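# Let's see this in three dimensions:
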Amino acid sequence: MFRLLNRKWTLANRNLHRCYTTTTQSPKKNDKTQDGVLLNWSLTCQDIEALTELIIRRKRKCYDAIGNTSVSSQSFDEVVNLVSSDHARCYQANNINLLSYVSEEPTIRGASVESQKKLARVDVEMSMRQDVFDKFVEVRSSITEDGGVNPESLRLLDILIRDGRRNGLHLDLSTQCKIKNINDTMSDISINFTQNLNEDTTELWFKEDELIGLPDSFLSSLSTNSDGERQVTMKMPHYSMVMMYCSRWETRKRLATSYNSVCKNENKAILEELCRLRMDKANLLGFLSHSEYVAQLNVAKTSQSVSEFLSSLNSKMSNLTRKHLDYLLQLKSLECESKGFEWDSRINPWDLSYYTTRAIETKYSVDHNALKQYFPMDRVLDGLFSICRDEFGLSISRVQDAPVWHPEVSCYSVVDSLTHRLVGYFYLDLYPRDGKYPHACICPLQLSCVLEGSRVVPVVAMLSNMAKPSGTAASLLRHEEIVVLFHEFGHILHSLCMRPRHAALCEVERDYVETPSQLMENWAWDPVSLRRIAGGGASIPDQLLSDLVASRTANAGIKTARQIALATFDQRIHSENNPDLMKVYSEAMSSILGVDTIPSTCPPASFLHMACGYDAQYYSYHWAEVYSADIYSRFMDGDRDPVNSDLGRAYRECLLEPGGSVDAIHMIRRFLGRDPNETAFLISQGVTV
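Predicted coordinates:
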């Protein structure tokens, strides 16, 4: 997931991080710097508060200057430079915001959350300034067709005017006030939704005989109480392992019920309020629904196009979905008979992961738990970096002793292999801990753009919750974790390779943003690439590797149906007035996936995408996957080895570097030499075309 920490950007001085080192910091840690990195991971609560106020003062000063600009032959450059500089200096707010996702200190996380809320309110305030919007319109009107202005700068100005209209600045003052209040409230409660999940500490305790089927290595990693019970948290390394391997359905049901009840009261209320507020704002602006309001900015353009896409995809995949579900039912029937379990003639939510894992083991002889011995984290990263070098012409090196926010975090530099130009830096924060963001995402920190005549070095952080090293034992990755790693790394490459003139043009259409990440997943299934990332002291057997690659389509129908169901839920709750969240969710899951929802739970309460920028846009995962499959087909033309640096460089140039300076569909057409189509995607899912 691509998470933009500060969508409205904030103003800050490039070198202010040097003013906020305190006596409590480690001098050795702060003395170590990287060229172009303007971030400080040792901020105290007092630092955060002071820096927040400084950012606010500077932002207001910037917007005052824009509003007071006199229109003349120089005003276009003056206004664009002011707003562009404001956008470019977002890194300090992003620095503060990230601490709410990663800091071990509850007080720091709390201070960061309060800072986010203050800065978000000011962002709303600035976005609603009539004088600034009027100045944008006035300057735009002064430009003649042969004005000779920079095309990217003109695109930025047009976006600013468009966004002003989408905030109602062309409407009467009463409507503007309503929209401002809605924006303020949505900003606050969206932050609360995420923070509630970050702070959740739900845990369950199980006797050893309730955890039958789980490997000894996993059981030994769990905390034990005085009664000999094992602790299972809602963190993904715990939850996914139990759901995939525990043969006791009662245990799986209990865990699934707890997992799908996390924050169910507080976050359900927040999501209901968000849906209401989003619809109210859309209606005030003349849109029939929030989904229609959102679609206008995406490649899809209309919510009808989204609905037709989901319906068509579901129709084409439905036979495969039914076939795969029937096979799971067959496996469950056999197990119930052999173990004396009661047969209920259906696949339950707590059965899905367990029997899809059994399906892979049965059909393809792939034991993912045994397979992970070939994929220690360090070896996987080395192999991934070598693929990026040979495929995309990017050399990656670890930055030793770089300042970080936690001892487990590592920092890497990325350099163009041909020109030796520094492309950027990324941080990897891979393992779970209390208070940390509970899923996988990418957080851009410094955005690639031109500031004061020089390009800002892009910096990005990847957060995930993968299997943690235990004692002297290395972190061993299940293949699904490797796919996640490659997916998020696609986002990293996108963030670092962008080279627009203006920071605001680092934001691309939401139904394109997942394309680079979905594309990168393909290398996690390519046999040549898998050999490059495998290690652990033994060579992965040829047959096992072949079976793993073949298993890619094992449960494709079920996986796709689940994503379509979630996207349909998302579209419906953002197209209906006062939707009943659980009714809509249950109907989507039952009618599309064929699996009922656990009574008294509330999965939407932990559906993070609904509060962090994917509202009415969850369809974008499959929309982008269609693009990515088509793009990847170019790498495989004529059975070509997918490691091809010439094509990789063309991919960087056509699809990554422009950022949002070019419409996504034009970038795709340029790379493909034609319009995209869904043929490659359907074939990749095992559908006969």
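# CA atoms for contacts and neighbours, from now on please.
Fine.
# so how many other residues sit close to Gln74?
11 (other CA atoms under 10 Å).
# Ser661 against Leu505, yeah?
Yes - in terms of CA atoms under 8 Å, Ser661 counts as a neighbour of Leu505; the distance is 5.5 Å.
# any idea how far Arg649 is from Ser417?
The gap separating Ser417 from Arg649 is 11 Å, by CA to CA, to the nearest Å.
# Now the common contact residues for the two.
Taking CA atoms under 8 Å, 6 or more residues apart in numbering as the criterion, Ser417 and Arg649 both touch Gly393.
# which residue ranges form the strands in the stretch 201-350 of the chain?
203-206, 230-233 (DSSP state E, counting those that start in this stretch).
# Show me the one of those that comes nearest Cys62.
With respect to Cys62, and counting by CA to CA, the nearest of these is strand 230-233 at 46.4 Å.
# Relative to the whole chain's centre, how far out is stretch 539-550?
Taking CA atoms, centre = their mean, to the nearest Å, one finds stretch 539-550 lying 30 Å from the centre of the chain it belongs to.
# What of stretch 680-689?
For stretch 680-689, the distance to the chain centre is 25 Å (CA atoms, centre = their mean).
# can you list contacts of it?
So stretch 680-689 is contacted by 316-317, 320, 553, 556-557, 625-626, 629-630, 633, 679 (CA under 8 Å, 6+ apart).
# can you do 10 Å?
For stretch 680-689, contacts defined as CA atoms under 10 Å, 6 or more residues apart in numbering pick out 313, 316-317, 319-320, 522, 552-557, 559-560, 622, 625-633, 678-679.
# got it, and stretch 648-658?
Stretch 648-658 has contacts (CA under 10 Å, 6+ apart) with 388-394, 448, 491, 493-501, 505-506, 508, 515-516, 631, 635, 642, 645-647, 662, 664-672.
# at 8 Å what do you get?
Taking CA under 8 Å, 6+ apart as the rule, stretch 648-658 contacts 391-393, 493-494, 497-500, 516, 664, 667-668, 670-671.
# Just give me the closest of those residues to Val122.
Nearest to Val122 out of these is Pro500 (CA to CA; 25.8 Å).
# got the phi/psi numbers for that closest one?
Main-chain dihedrals, Pro500, degrees, to the nearest 10: phi -70, psi 170.
# I'd like to know how many residues surround it.
23.
# Report pLDDT for it.
Predicted confidence (pLDDT) for Pro500: 97.
# Now which of the contacts of stretch 680-689 would you call buried?
313, 316-317, 320, 522, 553-557, 559-560, 622, 625-633, 678 (16 or more other CA atoms under 10 Å).
# Checking Asp596 next. Helix, strand or coil?
Look at Asp596: counting by DSSP: H, G, I helix; E, B strand; the rest coil, its state is coil.
# All further residue positions should be reported with the first residue as 38.
Yep, numbering from 38; the last one is Asp633 now.
# which helix in this protein runs the most residues?
helix 340-376 (DSSP state H).
# for Val487, which residues make a bridge with it?
Beta bridges link Val487 to Arg492, judged by DSSP bridges.
# That one contacts Arg538, doesn't it?
Yes - between Val487 and Arg538 there is a contact under CA under 8 Å: 5.4 Å.
# For stretch 508-524, list every residue counted as buried.
In stretch 508-524, counting by 16+ other CA under 10 Å, buried: 511-516, 518-524.
# Return the member of the residues you listed nearest to Ala504.
Ser512 (5.8 Å).
# Quick check: closest non-adjacent residue to the closest one.
Spatially, and ignoring its direct neighbours in sequence, Ser512 is nearest to Pro506 (4.2 Å; CA to CA, 6 or more residues apart in numbering).
# same check, this time on Ala293
Counting by CA to CA, 6+ apart, the residue nearest Ala293 is Trp387, at 5.9 Å.
# same deal with Gly201?
Nearest non-adjacent residue to Gly201, counting by CA to CA, 6+ apart: Phe170, 6.2 Å away.
# need the contact list for that neighbour.
197-198, 201, 206.
# Among those, which lie within helices?
Counted as lying in helices by DSSP H, out of the contacts of Phe170, are 197-198, 201.
# Out of these, the closest to Val417 would be?
Leu197 (42.4 Å).
# Next step: the contacts of stretch 685-695 restricted to helices.
Taking DSSP H, the ones among the contacts of stretch 685-695 that sit in helices are 428-429, 530-531, 534, 553, 701, 704-705, 707-708.
# Now do whatever helix or strand Lys154 lives in: everything it contacts.
Here Lys154 sits within helix 143-164, counting by DSSP states H and E. Residues outside helix 143-164 that contact it (CA under 8 Å, 6+ apart): 45-47, 81-82, 85-86, 89, 93, 97, 100, 130, 133-140, 201, 204, 217, 220-221, 224-225, 228, 232, 472.
# let's go with 6 Å and repeat that
Helix 143-164 has contacts (CA atoms under 6 Å, 6 or more residues apart in numbering) with 45, 82, 133-134, 136-137, 221, 225.
# how far out from the middle of the chain is it?
For helix 143-164, the distance to the chain centre is 21 Å (CA atoms, centre = their mean).
# Compute the inter-axis angle for whichever helix or strand comes after that helix and helix 143-164.
Moving toward the C-terminus from helix 143-164, the next helix or strand (DSSP H and E) is helix 167-178. Angle between the axes of helix 167-178 and helix 143-164 is 60 degrees (criterion: axes from the mean of the first three to the mean of the last three CA atoms, to 10 degrees).
# on that earlier part again, which of the buried ones among the contacts of stretch 717-726 fall in helices?
Per DSSP H, helices hold the following members of those: 350, 353-354, 357, 593-594, 596-597, 659, 662-670.
# any weak-confidence spans in the stretch 588-726 of the chain?
675-681 (pLDDT under 70).
# cool, and the chain?
Looking at the chain by pLDDT under 70, you get 39-70, 183, 574, 675-681.
# Quick check, the residue nearest to Ser512 in contact with Leu514.
No - assessed by CA atoms under 6 Å, Pro506 is found out of contact with Leu514, at 10.3 Å.
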